[in-house]
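A.B. asks: Turn this into a structure:
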Amino acid sequence: MPAAATPTSEKVEVKNLRENLLDLREKSKKLDLCETRRKELLDGVSNFASKALERLRDSETAVFSSAGDRNNSGSPSTGLRSSPIQDEPLGLENILDLYGKHVENGGLRAAHGGHMAYVPSNGVFPAAMGDFLADTLCTYAGRSTESPGAVAMNNMLLEWMAEVFGYPDGFQGNMTSGGSSATVIAMATARDSRKGLRARDFHRVVVYVSELTHHCIKKALHTIGLGEATIRDIPVDSRWKMDVESLETTVKNDIQNGLIPFAVVATVGTTDVGSCDPVDTIADVAEEHGLWLHVDAAYGGFFALCEQTKPLFKGVERSDSIIVDPHKGLNLPYGSGMVLVRDGRKLHASNTSHKQGGYLYHPLNNGSDDTELSPCNLSFELSTHFRGPRMWFPLKLFGVQAFRSMLEEKLQLATYFYHRVKDIDGFEVLQEPELTAVAFRYKEPVGGIDVNEVNKCLLEEMVQDGRVFLSSTTLKGSFYLRVCVLGFRTHVEHIDLCLEVLQKSLRKLKSCLSVD
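C.D. replies: From the prediction side, this is the model:
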């Protein structure tokens, strides 16, 4: 056995330890910046960001280099990897230079008004101010005991969304990283709320979606252990909405065959075409057969603020859960989602049924209930980013009306594009937009190439042009180009430019294919 330490040796050890601590304090003090240095960094980053935003007016929407030049090539000598993480510090100017060359200057510039692919967002500037406050002060918003104001901010934003959708008192919700994590929370709550459902029954569970339901539903089911569940793709009607008669017939057949109808997903704003399922009639089927009704309003949700589109939300207030993405309809930065559950007790129970960690005791809580339900008890997340300020700050600074006007403009821009593109010789449009997505295609073969391939080549030509950025979708075997107007910087001049690039790209494509 080692000899016991003498009082003298312990004093020496403590003295040495203290000297080491003082030395390490000096070495690590650089992490705690003085006001002068903070201002220097803020000014540098602010100037960089301001210049980048100003360049958006005259720059391309997307710049794609050859595969060998990309940051993800894996080569240690290219892109950001040419400056590896190391012990020595790097100056601010060099850091911003790296960011400018290898991040801001390549790929898709999502903040550009010409970004009309997928479901775009341009990122309203004041959201960064909210994030700056949350990040600088390192506010922990997981429990109301530690930060009652932060939790209250998150909850008041959820309360506002519940009011917009017509949810009754008793709901609960959570601010998430986006629609995918929000869907995981909603589906886990549905699973845990189903009386008598056990893991041994999961292979008999049936979830009903439409042909156009977002694939995050299937990912969420896999994540929560329902990967064995049967997914029924219910057909859509001529307006690309879920066929409710087919839904009801399918549910009844599954019951007769000994399966467990579990949940149905209605979408308000499909990603492919912006169509909106008839939520109210789907709710009738859900109530009759005991299905959990989940509404995916990630894209379309904030159009509930507009009188023109408010009727599309009839029945949403009857749903069991709903998700919406502020990083879509409110143009917040990516990483902003919300989930609401109509019966908040179910959401709370789903996330508190396990034994809490013994380290969570708080001496000032005294065992009493929190005034505000804590986000960590309404989600699988614990140490989460304080997301409230990035939404609260812009809403308070601009007011809701500014966002409503922006959304109304996008609805009219989509209608404008629809009328313009269908008048161009050779093009067909899938349908008049219900929200802000328009699917269209050139309907004639070119140079012996079939229509689908022609449209793929046309999209590639437009993306290579760089002035606008579009995406595509395939519907019942037909390839369509797709415009989605949602960025707050997208205006009528960007739509006109898109039409110009479209026609120029078609002429170039025809010329190339004719020569070949």
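
A.B. asks: What residues does Phe303 make contact with?
C.D. replies: By CB atoms under 8 Å, 6 or more residues apart in numbering, the contact set of Phe303 is Val268, Gly269, Thr309, Lys310, Leu312, Gly329, Leu407, Leu411, Leu435. Glycine gets a C-beta too; all of them are placed from N, C-alpha and C.

A.B. asks: what pLDDT does the nearest residue to the fifth one once chain neighbours are set aside get?
C.D. replies: Okay, so that is Leu312. In space, and not counting its chain neighbours, Leu312 is closest to Cys276: 4.4 Å by CB to CB, 6 or more residues apart in numbering. Cys276 carries a pLDDT value of 98.

A.B. asks: got the phi/psi numbers for Cys276?
C.D. replies: Phi and psi for Cys276, reported as degrees, to the nearest 10, are phi -120, psi 120.

A.B. asks: any idea how far it lies from Tyr118?
C.D. replies: Separation of Cys276 from Tyr118 (CB to CB, to the nearest Å): 18 Å.

A.B. asks: Check the gap between the residue most central in space within the chain and Thr309 for me.
C.D. replies: Residue closest to the average C-alpha location in the chain (CA atoms, centre = their mean): Gly178, at 3.7 Å. Applying CB to CB, the value for Gly178 to Thr309 is 22 Å.

A.B. asks: next one: Thr281
C.D. replies: When Thr281 is compared with Thr309 (using CB to CB), they lie 18 Å apart.

A.B. asks: The two: which is more packed in?
C.D. replies: Thr309 (21 against 18; other CB atoms under 10 Å).

A.B. asks: on that earlier part again, let's see the pLDDT reported for the residue nearest to the centre of the chain.
C.D. replies: Note for Gly178: predicted pLDDT of 96.

A.B. asks: my read: it touches Met338, true?
C.D. replies: No. With contact defined as CB atoms under 8 Å, Gly178 does not reach Met338; the gap is 9.5 Å.

A.B. asks: anything in contact with each of these two?
C.D. replies: Asp325.

A.B. asks: more crowded one of Cys276 and Tyr118?
C.D. replies: Taking neighbours as other CB under 10 Å, Cys276 and Tyr118 compare with Cys276 leading, 25 against 18.

A.B. asks: Now for the more buried one: which residues touch it?
C.D. replies: So Cys276 contacts Lys241, Thr267, Val268, Gly269, Thr270, Gly300, Leu312, Glu434, Leu435 (CB under 8 Å, 6+ apart).

A.B. asks: Any idea what it is bridged to?
C.D. replies: Beta-bridge partners of Cys276, counted by DSSP bridges, are Val268.

A.B. asks: if we can go back for a sec, how about the contacts of Cys276 in CSV, adding neighbour count, pLDDT and distance to Phe393?
C.D. replies: Output for the contacts of Cys276, formatted as CSV (neighbours: other CB atoms under 10 Å; pLDDT from 0 to 100; distance: CB to CB, whole Å):
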residue, neighbour count, pLDDT, distance to Phe393
Lys241, 22, 98, 36
Thr267, 28, 98, 30
Val268, 29, 98, 26
Gly269, 29, 98, 25
Thr270, 26, 98, 31
Gly300, 29, 98, 24
Leu312, 22, 98, 29
Glu434, 22, 98, 31
Leu435, 27, 98, 26
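
A.B. asks: Switch the residues you listed over to CSV; also include distance to Leu17.
C.D. replies: As requested, the contacts of Cys276 are exported to CSV (distance: CB to CB, whole Å):
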residue, distance to Leu17
Lys241, 70
Thr267, 61
Val268, 62
Gly269, 61
Thr270, 63
Gly300, 61
Leu312, 67
Glu434, 69
Leu435, 64
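
A.B. asks: How about Ser177: what's its closest non-neighbour residue?
C.D. replies: Gly335 is the one closest to Ser177 (CB to CB, 6+ apart), at 5.1 Å.

A.B. asks: Am I right that that neighbour is in contact with Pro326?
C.D. replies: No. With contact defined as CB under 8 Å, Gly335 does not reach Pro326; the gap is 9.8 Å.

A.B. asks: Of these two, which one has the most company?
C.D. replies: Per other CB under 10 Å, whichever of Gly335 and Pro326 has more neighbours is Pro326, with 28 against 16.

A.B. asks: Tell me which helix or strand comes right after the helix or strand encompassing Ser28.
C.D. replies: If you go by DSSP states H and E, Ser28 is part of helix 7-28. Once helix 7-28 ends, the next helix or strand along the chain (criterion: DSSP H and E) is helix 35-55.

A.B. asks: Flag the shaky bits of the stretch 101-250 of the chain, pLDDT-wise.
C.D. replies: Scanning the stretch 101-250 of the chain for pLDDT under 70 picks out no residues.

A.B. asks: now the helices for it?
C.D. replies: 125-136, 148-165, 179-193, 216-223, 244-256 (DSSP state H, counting those that start in this stretch).

A.B. asks: Could you list the buried residues of the longest one?
C.D. replies: Buried residues in helix 148-165, counting neighbours by 16 or more other CB atoms under 10 Å, are found at 150-155, 157-159, 161-162, 164-165.

A.B. asks: just the first one next, same as before
C.D. replies: Neighbour-count burial for helix 125-136 flags Pro126, Ala127, Ala128, Gly130, Asp131, Ala134 (criterion: 16+ other CB under 10 Å).

A.B. asks: ok, back up a step: state the distance from the residue nearest to Leu312 to Val400.
C.D. replies: For Cys276 relative to Val400 (CB to CB), the value is 22 Å.

A.B. asks: can you count the residues close to Gly337?
C.D. replies: Applying other CB under 10 Å, I find that Gly337 has 25 neighbouring residues.

A.B. asks: for Gly114, same thing?
C.D. replies: Counted with other CB under 10 Å, residues neighbouring Gly114 total 27.

A.B. asks: same check, this time on Leu42
C.D. replies: Around Leu42 there are 12 residues (other CB under 10 Å).

A.B. asks: and it, what is it in contact with?
C.D. replies: Going by CB under 8 Å, 6+ apart, Leu42 touches no other residue.

A.B. asks: got the end-to-end distance for stretch 439-456?
C.D. replies: Separation of the first and last residues of stretch 439-456 by CA to CA, to the nearest Å is 13 Å.

A.B. asks: what do you get for stretch 183-203?
C.D. replies: Terminal residues of stretch 183-203 are spaced 20 Å apart (CA to CA).

A.B. asks: who touches that stretch?
C.D. replies: Residues contacting stretch 183-203 (CB under 8 Å, 6+ apart): 174, 176, 205, 216-217, 219-221, 223-226, 228-229, 260, 262-263, 292, 294, 296, 320-323, 339, 341, 343, 346-347, 349-351, 353, 378-380.

A.B. asks: how does it look with 6 Å?
C.D. replies: Contact with stretch 183-203 is made by 216, 220, 223-224, 226, 228, 263, 292, 294, 321, 323, 339, 341, 346-347, 350, 379, as judged by CB atoms under 6 Å, 6 or more residues apart in numbering.

A.B. asks: Where does Tyr480 sit: helix, strand or coil?
C.D. replies: Reduced to three states with DSSP: H, G, I helix; E, B strand; the rest coil, the structure at Tyr480 is strand.

A.B. asks: how close does it sit to Thr61?
C.D. replies: Using CB to CB, we find Tyr480 at a distance of 20 Å from Thr61.

A.B. asks: same check, this time on Lys456
C.D. replies: Computed as CB to CB, the Lys456 to Thr61 distance reads 19 Å.

A.B. asks: do Asn154 as well
C.D. replies: Distance of Asn154 to Thr61, computed by CB to CB: 34 Å.

A.B. asks: Check Leu33 too.
C.D. replies: Plainly put, Leu33 is 36 Å away from Thr61 if you go by CB to CB.
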